[in-house]
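# fold the following for me, if possible:
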Amino acid sequence: MDIGVLGPCRVTQAGQSVVPTAIKPRKVLALLALQPDRVVSVSSLIEELWGGNPPRSVQTTLQTYILQIRNLITRSLSGQEQPDLPLGAKSVLVTEAGGYLLDTQGGVVDSVEYERLAGAGHRALETGDHAGAALLFQQALALWRGPALVDVQVGPLLEAEVTRLEESRMSILSQRIEADLRLGRHHEILGELAGLAAQHPTHERLQGQLMLALYRAGRRGGALEAYHRMRVVLGRELGLDPSSALQELQQAMLASDPGLECDPVGSLPGGGPLRVVRAG
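Numbers count the residues shown, from 1 in each chain. Next comes the predicted model:
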């Protein structure tokens, strides 16, 4: 079984989709797909589907959704010999004590591969292998096909997982850009950074990275304009001033500090962290 959650929900068995079209069975499968090869408790499934107001027939209704998913799995297995699946669909969507487990049988899970590549990228960055880190982070980001589980109507548990994945994606993207800046690729990433900064006007790390890339590309005026735009947006939408780290970055640019030509964006004068703040 292959699973994709980094974009529209994709779950295939023997090359065929087993994703239900109905809202609630799709939510059940999505929650199981986010925890492959691990037991998801019945209580978690109930919380995801109904919150604090489950119906009286909650157990029967949940079992009906499980049956619907198993029927799709059975259809995908039709006409194929599966000696490793003696119980057919029940060997794929397994009933366990207190819950259910989606057995991937060693299939590809994009979120697992993403975490593996991201972890390898972190280790490369820590050892100073910036080229290796940039490549690994890029490979991790390439697994994304859109917002996580974009075609699933999420409940409280799925929403928390989607938020975690999206925040991880932004973090890895920022670290890949940092690796590129350390490698002197400011010209190559300027277009990408400008687009990201426009999409995330209150994301201070991205704004700082854009400022640094512009400055290193010989566009000090553009870098200072980017700072001014961010200051206006932060003040108007959130009532905040730029962080001390970004204020120091601006001052260093005004003073043409030679250290800006080699310091990564995460090591600004003063060493202060760049905040990530979001409107709404």
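# doesn't Q80 fall inside a strand?
No: counting by DSSP: H, G, I helix; E, B strand; the rest coil, Q80 falls outside a strand, being coil.
# contact partners for it?
Going by Cβ atoms under 8 Å, 6 or more residues apart in numbering, Q80 touches A14. C-beta: built from backbone N, CA, C; applies to glycine.
# for G239, see how far away it is.
61 Å (Cβ to Cβ, to the nearest Å).
# what's the answer for S41, then?
S41 is 42 Å from G239, where distance means Cβ to Cβ.
# over to K90?
Applying Cβ to Cβ, the value for K90 to G239 is 56 Å.
# what do you get for K24?
Distance of K24 to G239, given as Cβ to Cβ: 41 Å.
# before we move on, the earlier item: so for K90 and G239, which residue has more residues nearby?
Neighbour count, other Cβ atoms under 10 Å: between K90 and G239, K90 has more, with 15 against 7.
# three-state assignment of L101?
Classified using three-state DSSP, L101 is strand.
# report the contact partners of it.
L101 is in contact with 32, 37-40, 93-94, counting by Cβ under 8 Å, 6+ apart.
# list buried residues within those.
Buried members of the contacts of L101, counted by 16 or more other Cβ atoms under 10 Å: 32, 37, 39-40, 93.
# kindly indicate which of the residues you listed lies nearest N71.
L93 (10.3 Å; Cβ to Cβ).
# straight-line length of stretch 93-108, end to end?
16 Å (Cα to Cα, to the nearest Å).
# pull the distance from it to the chain's centre.
Stretch 93-108 sits 23 Å away from the centroid of its parent chain (Cα atoms, centre = their mean, to the nearest Å).
# what is the burial count for Q59?
Quick note: Q59 (other Cβ under 10 Å) scores 12 neighbours.
# find the helix or strand that it is a member of.
Using DSSP states H and E, Q59 maps to helix 58-77.
# state the mean pLDDT of that helix.
Helix 58-77 shows a mean pLDDT of 96 in the predicted model.
# what residues does that helix touch?
Residues from elsewhere that reach helix 58-77, judged by Cβ under 8 Å, 6+ apart: 12-20, 22, 24-25, 28-29, 42, 45-46, 49-50, 55, 85, 88-90, 92-93, 95, 100.
# please enumerate the helices of the chain.
Per DSSP state H, the chain carries helices over the ranges 23-34, 42-50, 58-77, 110-126, 130-141, 156-182, 186-199, 204-216, 220-233, 244-254.
# backbone dihedrals for S57, please?
When quoted as degrees, to the nearest 10, the phi and psi of S57 stand at phi -90, psi 30.
# most tightly packed of the helices of the chain?
Of all these, helix 204-216 has the most neighbours on average by mean count of other Cβ atoms under 10 Å, namely a mean of 25.
# which strands and helices sit next to that one?
helix 156-182, helix 186-199, helix 220-233, helix 244-254 (3 or more Cβ pairs under 8 Å, 6 or more residues apart in numbering; DSSP states H and E).
# let's have those helices in JSON lines, adding mean pLDDT and distance to L125.
Shown next, in JSON lines, are the helices and strands packed on helix 204-216 (pLDDT from 0 to 100; distance: least, Cβ to Cβ, whole Å):
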{"stretch": "helix 156-182", "mean pLDDT": "95", "distance to L125": "6"}
{"stretch": "helix 186-199", "mean pLDDT": "95", "distance to L125": "16"}
{"stretch": "helix 220-233", "mean pLDDT": "96", "distance to L125": "24"}
{"stretch": "helix 244-254", "mean pLDDT": "93", "distance to L125": "19"}
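# mind checking which of the ones you listed is nearest A148?
The minimum distance between A148 and the helices and strands packed on helix 204-216 falls on helix 156-182, with 4.4 Å, by Cβ to Cβ.
# tell me which strands and helices that closest one is in contact with?
In terms of contacts (3+ Cβ pairs under 8 Å, 6+ apart), helix 156-182 is packed against helix 23-34, helix 42-50, helix 110-126, helix 130-141, helix 186-199, helix 204-216.
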